[in-house]
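Q: Provided below are the primary sequence and the corresponding predicted coordinates.
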2 protein chains.
Amino acid sequence: MPPSTGLRARLRAELTVEIKDEARRQLAAEGAPGLSLRAVTRELGMSSSAIYRYFPSRDDLLTALIVDAYDAVGAAAEEADATCRRDDYGGRWCATGRAIRRWSLDNPHEYALVYGSPVPGYRAPEDTVGPASRVTLVLARLVVDAAQAGVLTRPVSDGALPPLGADGLAALRTLVALALPDVTEDVAVRAVAAWTQLFGIISFELFGHFHRVIDEVDPVFERTLLEMGRLVGFPPPRTDATRGRPQDGVEPGRTTDTDDVADRHGLPTDDEDEVWYLV
Amino acid sequence: MPPSTGLRARLRAELTVEIKDEARRQLAAEGAPGLSLRAVTRELGMSSSAIYRYFPSRDDLLTALIVDAYDAVGAAAEEADATCRRDDYGGRWCATGRAIRRWSLDNPHEYALVYGSPVPGYRAPEDTVGPASRVTLVLARLVVDAAQAGVLTRPVSDGALPPLGADGLAALRTLVALALPDVTEDVAVRAVAAWTQLFGIISFELFGHFHRVIDEVDPVFERTLLEMGRLVGFPPPRTDATRGRPQDGVEPGRTTDTDDVADRHGLPTDDEDEVWYLV
DNA sequence: TCAATAACAGAGCAGTGCTCTTGCAAATGG
DNA sequence: CCATTTGCAAGAGCACTGCTCTGTTATTGA
């Protein structure tokens, strides 16, 4: 028996992605409020009511686009992180942040759909929590790797801030248990700060809050990357690529991404700007 | 001559605010996409076409609401800052951040309207840049005050990060010239980091990105306030109110807001946690 | 008092999300 | 192989939206 119900299912799957592609085109062209189901069907040459066999409502289509957007930015973050040496924690942080920003600037409406105001009513659709965690996990894994390697430096001196209270510990416990094993709550809260700062500055840039305040965001973004990376405690990035133009591709150098443990000791670094933040 | 064109103008102004109030009610109830001009007119008992004499389009009504929201959050920030002693820079930073978050949690849809995805097409309406700068100026003035008082501490040790490049200096020059006189570009970029982190964490909380990650945001927010305040270089807050419940009003203690220079020396602080971040 | 003008109500247009009914083609079971 | 069930598509239609146009009424300034 050939693939049972295969023809119908195949056609259905193809039309589903065709609808999503056309919807994504309209989303990129006019933003989420400009997405019209009727316009999608019109462009695809089918009846306006036919689309409801594939997406039962407009919100469901939007949710599908949200899931895809989460997946895309997560893939961008993963790829950027993968192109760095595993022990170059500062470089991984900067490269990941740069990749997320680049994806956001390239897909502003998808970014707004995902990290802007939640469009579908009020409900946080449970289907999006999975793909949403993809990009988060890249950053979390980075923190965990650095913590387990023991390279995370305390920001100023021990005891500069009072220890976290019981409520702070409790609030961070789920986060630590979920994605940050072997990480101090102290480090976790700084990671949250860096995480939210990253998306905060991207949102401000994309949503126009730097209008007439900062005209060229690139160097400021690079600098905040360094500042927040240092705040978390990452060692400084290995290469001096952070000074270069970050908009040309993901990261110019370091195509080594297969060998993992071999890089742990690493060849002698070419430059001596290891002392960017010493502590 | 009685107030010339007074009756008509008065009625017009009254109806304008009535429309805005009803629109704000609908905005708070169902969010920006749920705001309907026809529903507003229906609720106000007038014809659907009459509203266009007051707001020529839906986007104009939204822009008016955006301006009001900027004004409201700016007023909240100003008031919180004003209730602190002028030389308690850490306290002013924390109080302002807390007030902004509180306003945001109390008016989530207005926050989303202002700091979420920009709804009207693509244009950044020029009318909003003025009210938008109100809350920004509170934070900027705080940085300037602390810088001029000479209390801003460098984060780790001098020269830990390489000096800003020429492009970084150029990018920050407009910001410094506009709102941060007598502030180093080095401090300015950290202020931008704190600024964007503040709104980043608020957006994440409001837009559901902490779902199943952080259940109780309060202590984490308090902690990031301290961390980012320290990153900028503010001295630690004077009172121990940061450990209390920040959701009960703006700030419980310190009702002194009139005397300015008299507080400069200050009464002996009651507690000894002045050494929160020493550097 | 009278013309000018601002405000208003209502009809109407094009568009939207969504539902219902009808008809057709494909897969399935005996 | 045929009858039946199922999946899919098209069209009409409903309630709603932003917005415009027309005609009418009320207010204003001289």
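A: Cool, the structure landed. Numbers count the residues shown, from 1 in each chain, chains lettered A, B, ... in the order given.

Q: what secondary structure does the residue sitting nearest the centre point of chain A sit in?
A: Closest residue to the average C-alpha location of chain A: A:V135 at 4.0 Å, with CA atoms, centre = their mean. Assigned with DSSP: H, G, I helix; E, B strand; the rest coil, A:V135 falls in the helix class.

Q: measure it to DNA strand D for me?
A: Applying CB to the nearest atom of the strand, to the nearest Å, the value for A:V135 to DNA strand D is 33 Å. In short, each C-beta sits where N, CA and C put it, glycine included.

Q: so that residue makes contact with A:Y70?
A: Yes: taking contacts as CB atoms under 8 Å, A:V135 lies within contact range of A:Y70: 7.2 Å.

Q: distance of the nearest residue to A:A39 once chain neighbours are set aside from DNA strand D?
A: The shortest distance from A:A39 to any non-neighbouring residue, by CB to CB, 6 or more residues apart in numbering or on different chains, is to A:Q26 (6.3 Å). Counting by CB to the nearest atom of the strand, the separation of A:Q26 from DNA strand D is 18 Å.

Q: And for A:L206?
A: 24 Å.

Q: ok, and A:D87, which helix or strand is that part of?
A: A:D87 belongs to no helix or strand when assigned by DSSP states H and E.

Q: show me what contacts the residue of chain A found nearest chain B?
A: Going by CB to the nearest CB, chain B is nearest to A:G200 of chain A, at 2.2 Å. By CB atoms under 8 Å, 6 or more residues apart in numbering or on different chains, the contact list for A:G200 reads B:196-201, B:203.

Q: which among those residues gets closest to B:P237?
A: Using CB to CB, B:L198 is the member of the contacts of A:G200 that lies nearest B:P237, at 15.4 Å.

Q: Tabulate the contacts of A:G200 in JSON lines, adding columns for pLDDT and secondary structure.
A: Putting the contacts of A:G200 into JSON lines (pLDDT from 0 to 100; DSSP: H, G, I helix; E, B strand; the rest coil) gives the following:
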{"residue": "B:T196", "pLDDT": "98", "secondary structure": "helix"}
{"residue": "B:Q197", "pLDDT": "98", "secondary structure": "helix"}
{"residue": "B:L198", "pLDDT": "99", "secondary structure": "helix"}
{"residue": "B:F199", "pLDDT": "99", "secondary structure": "helix"}
{"residue": "B:G200", "pLDDT": "98", "secondary structure": "helix"}
{"residue": "B:I201", "pLDDT": "98", "secondary structure": "helix"}
{"residue": "B:S203", "pLDDT": "98", "secondary structure": "helix"}
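
Q: of those residues, closest to B:V119?
A: Nearest to B:V119 out of the contacts of A:G200 is B:S203 (CB to CB; 15.4 Å).

Q: Would you check that the closest one makes contact with B:G116?
A: Yes: counting by CB under 8 Å, B:S203 sits close enough to B:G116 to count as a contact (7.3 Å).

Q: ok, and does stretch A:222-229 reach over to chain B?
A: Yes: with CB under 8 Å from any CB of the partner chain as the criterion, chain B is reached by stretch A:222-229 at A:222-224, A:226-228.

Q: element containing the closest residue to A:A69 other than its chain neighbours, please.
A: Closest residue to A:A69 apart from its sequence neighbours, by CB to CB, 6+ apart: A:E110 at 4.1 Å. Taking DSSP H and E as the criterion, A:E110 maps to helix A:108-115.

Q: For DNA strand C, tell me whether that helix is touching it.
A: No: counting by CB under 7 Å from any atom of the strand, DNA strand C has no neighbours in helix A:108-115; the shortest distance is 14.6 Å.

Q: Could you list the contact residues of chain A toward DNA strand C?
A: A:4-5, A:7-8, A:35-39, A:48-49, A:52, A:56-59.

Q: The nearest residue to A:R212 once chain neighbours are set aside in helix, strand or coil?
A: Nearest residue to A:R212, sequence neighbours excluded (CB to CB, 6+ apart): B:V129, at 6.1 Å. Secondary structure assignment for B:V129 (three-state DSSP): helix.

Q: Test my guess that B:V129 contacts A:H209.
A: No: counting by CB under 8 Å, B:V129 does not reach A:H209; the two are 9.8 Å apart.

Q: Can you tell me the number of residues neighbouring A:D60?
A: 15 (other CB atoms under 10 Å in any protein chain shown).

Q: scratch that, A:G34 is what I was asking about
A: A:G34 has 12 nearby residues by other CB under 10 Å.

Q: ok now do it, which residues does it touch?
A: A:G34 makes contact with A:26-27, according to CB under 8 Å, 6+ apart.

Q: Next, find the distance separating it from DNA strand D.
A: 13 Å.

Q: What pLDDT does the model give that residue?
A: According to the prediction, A:G34 has pLDDT 92.

Q: repeat for the one 10 residues further on
A: The pLDDT attached to A:L44 in the predicted structure is 96.

Q: Surely it is in contact with A:D21?
A: No: contact between A:L44 and A:D21 fails when scored by CB under 8 Å: they sit 9.5 Å apart.

Q: Pick out whichever of these two has more residues nearby.
A: Higher neighbour count among A:L44 and A:D21: A:L44, with 16 against 13, using other CB under 10 Å.

Q: Number of residues surrounding the closest residue to the more buried one other than its chain neighbours?
A: Of all residues not flanking A:L44 in the chain, A:E22 sits nearest, at 5.9 Å (CB to CB, 6+ apart). A:E22: 17 surrounding residues under other CB under 10 Å.
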